[in-house]
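Participant: using only what follows, build the 3D model:
(4 chains)
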Number of protein chains: 2
Amino acid sequence: MGRWEPDSRGRLERAALALFGEHGFENTTVAEITARAGLTERTFFRCFADKREVLFGGAGALRELLVSTVDGAPENADPLDVVVVAFEAAAAMLQERREFALQRQAVIAANTELREREVIKLSLLATAIAGALRRRGVSETAASLTADTGIAVFSAAFTAWINETEHREFPLLIRESFDELRAVTAGAARS
Amino acid sequence: MGRWEPDSRGRLERAALALFGEHGFENTTVAEITARAGLTERTFFRCFADKREVLFGGAGALRELLVSTVDGAPENADPLDVVVVAFEAAAAMLQERREFALQRQAVIAANTELREREVIKLSLLATAIAGALRRRGVSETAASLTADTGIAVFSAAFTAWINETEHREFPLLIRESFDELRAVTAGAARS
DNA sequence: TAGAGTGATGACAGTCACTGACATCAGGCC
DNA sequence: GGCCTGATGTCAGTGACTGTCATCACTCTA
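Facilitator: Below is the predicted model of the structure:
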């Protein structure tokens, strides 16, 4: 066995989520998190850029899944359809850890700073998706609009998935939210 | 004349924007800002919730304009059309201070923390717009989708307004971006 | 198998954003 | 003239975050 207990990053993540749930984000110090994880503050900041980031370790994997799905879609597929399929895949991924997602979302929803971080993570996803669309030949404006729209659809579906009492399939909710978007935009006047 | 120079808030805003432009956001301390403005740090934090907020004083006025425009739209107007008109009004407002907007946006673009704050301000705008739409009888999901879509359209148009060499009218760019959105969504397959 | 890396961690001092509590003082009001 | 009020100053904190150097189990190599 190594000199130290393994998986310090994971221990910090679990300790943080537990403490944030118990006392709230603001009322939890990094010192308390590291104490529970059996580490020092310095190690915390080597693992995570700042205190908030300990809740957002999964964002990278999500981005990779979305981008690789877009990259792997049939060449002539409609951009918005491609994005929807990518988000369905992401939804399926998140669905496998529903309990964790619920707990994490409760913590984030309770704190503005954390919502800031979440929102910018979403916008980074949008940027990554827009980049993947551009590689498919979609124009700059259309790419960012499509990506942002995808994020909007995803956010609406995520809220439904978290809040609905009848636990429906997350990918199905994505599909429904997309249909609603089409209804919204189809009704608008042509200028 | 009062005991102190007037408009301490405005002096802090101007000092901050100037210093952020010269040395960057991270390399500027609140002490430096207050020194240039002839005030103390404590006063800074009485005017602004945190260091970033000094750049976002106008967000409230923007929100009020958007919400009041949505509230004042004809009863039977299409929700997305209403939102577009509101953003055209907002664009006209921003256009009157183009130089300031350019300088401010350069500072924000150069710093992730500031982009975080900007993105969440946009999402707060979306929430406010969605609320106004709900008051018009639009369903929860449609309202948030429409509002988010409006923000996406606005963001795309704003980027164009900032970057384009040929200085076209901002409200016109909003209208164009909206048309592009319609093209994007109209092309997608029906599920 | 000894000795030289290597990489994760600890120790510690420092900066700076931000807060609470109390002091100060010009101008308005009675 | 005296009191109140509101904006500001002063000061001592707390806690997030960083730079730097020390430590030490493990590994590789001669």
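Participant: SS state for A:Pro6?
Facilitator: Following DSSP: H, G, I helix; E, B strand; the rest coil, the label given to A:Pro6 is coil.
Participant: distance of it relative to A:Arg42?
Facilitator: According to Cβ to Cβ, to the nearest Å, A:Pro6 and A:Arg42 sit 18 Å apart. The C-beta positions use only the backbone N, C-alpha and C, and glycine is treated the same way.
Participant: ranges for the helices of chain A?
Facilitator: Assigned by DSSP state H, chain A shows helices spanning A:8-23, A:30-37, A:41-47, A:59-71, A:79-95, A:98-109, A:112-135, A:140-163, A:170-186.
Participant: starting at the chain centroid, how far to stretch A:156-170?
Facilitator: Mean C-alpha position of stretch A:156-170 versus that of the full chain (Cα atoms, centre = their mean, to the nearest Å) differs by 15 Å.
Participant: which residues touch stretch A:8-15?
Facilitator: A:5, A:33-34, A:36-39, A:43-44, A:47-48, A:54-55, A:57 (Cβ atoms under 8 Å, 6 or more residues apart in numbering or on different chains).
Participant: that one near DNA strand D anywhere?
Facilitator: No: using Cβ under 7 Å from any atom of the strand, stretch A:8-15 never reaches DNA strand D; the gap is at least 12.3 Å.
Participant: quick one on the thing from earlier: between the contacts of stretch A:8-15, which sits nearest B:Val67?
Facilitator: Ranked by distance to B:Val67 (Cβ to Cβ), the contacts of stretch A:8-15 are led by A:Leu55 at 31.3 Å.
Participant: ok, now how distant is the closest one from A:Glu118?
Facilitator: Taking Cβ to Cβ as the measure, A:Leu55 falls 8 Å from A:Glu118.
Participant: before we move on, the earlier item: tell me which of the helices of chain A sits nearest to B:Asp179.
Facilitator: That would be, of the helices of chain A and by Cβ to Cβ, helix A:140-163, which comes in at 10.4 Å.
Participant: what's the average pLDDT for the closest one?
Facilitator: Averaged across helix A:140-163, pLDDT comes to 93.
Participant: what residues sit buried inside it?
Facilitator: With burial defined by 16 or more other Cβ atoms under 10 Å in any protein chain shown, the residues of helix A:140-163 counted as buried are A:141-161.
Participant: now for it, which elements pack on it?
Facilitator: Where contact means 3 or more Cβ pairs under 8 Å, 6 or more residues apart in numbering or on different chains; DSSP states H and E, helix A:140-163 is packed against helix A:79-95, helix A:98-109, helix A:112-135, helix A:170-186, helix B:140-163, helix B:170-187.
Participant: return the distance of that helix from the chain's centre.
Facilitator: 11 Å.
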